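> Sequence and predicted structure are below.
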Amino acid sequence: MHHSPGNHKEKEYYARIRKVLAYIQEHLAEDLSLEKLSGIAFFSPFHFQKIFSHYIGESPKQYIMRLRLERTAH
C-alpha cells in the first residue's frame, strides 16, 4: 500500500479502492476496463485513476498487469 488513509474522506476513498482491489482479484481473467473499475468505485475514470495511483502506487493498468504476471509465474 502506497498511502494510508487519514481523514473521513480519505477513509471513504480507500474503502472504495479496496472494493475495486477485491473485484480485480476475483475477475483477473476478465476484461477489466477503466470504466468498469471506476464504476465500481463510483468515481469518474479520470478521478479513479488518480486516486487508485495515489493509494496503490501504480496505475490500475500496471497493477492488473503485475497481478496477471505474478499469477502466471505461479
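All right, it came through fine. Note that the structure is predicted; figures quoted are calculated from it, not measured. Residues are numbered from 1 along each chain as shown.
> so where do the strands sit in this protein?
Taking DSSP state E, the chain contains no strands at all.
> for it, what are the low-confidence residue spans?
Within the chain, the stretches with pLDDT under 70 are 1-5.
> Let's see the longest helix seen in it as CSV, backbone CA atoms only.
For the chain, the longest helix by residue count, based on DSSP state H, is helix 8-26. C-alpha atoms of helix 8-26 as CSV (Å, rounded to 0.1, in the frame of the first residue of the first chain):
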residue,chain,number,x,y,z
HIS,A,8,-13.0,10.6,6.8
LYS,A,9,-13.0,11.5,3.1
GLU,A,10,-9.7,9.6,2.7
LYS,A,11,-11.1,6.6,4.5
GLU,A,12,-14.1,6.6,2.3
TYR,A,13,-12.0,6.8,-0.8
TYR,A,14,-9.7,4.0,0.5
ALA,A,15,-12.7,1.8,1.2
ARG,A,16,-13.9,2.3,-2.4
ILE,A,17,-10.4,1.4,-3.7
ARG,A,18,-10.3,-1.8,-1.5
LYS,A,19,-13.6,-2.8,-3.1
VAL,A,20,-12.1,-2.5,-6.5
LEU,A,21,-9.0,-4.4,-5.4
ALA,A,22,-11.2,-7.3,-4.3
TYR,A,23,-13.1,-7.2,-7.6
ILE,A,24,-9.9,-7.3,-9.6
GLN,A,25,-8.7,-10.3,-7.6
GLU,A,26,-12.0,-12.2,-8.3
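> and stretch 47-64, how far apart are its ends?
18 Å (C-alpha to C-alpha, to the nearest Å).
> Going by neighbour count, list what's buried in that stretch.
Buried residues in stretch 47-64, counted by 16 or more other C-beta atoms under 10 Å: 48, 49, 51, 52, 53, 55, 56, 60, 63, 64. Using the backbone N, CA and C atoms, a C-beta is placed for each residue, glycine as well.
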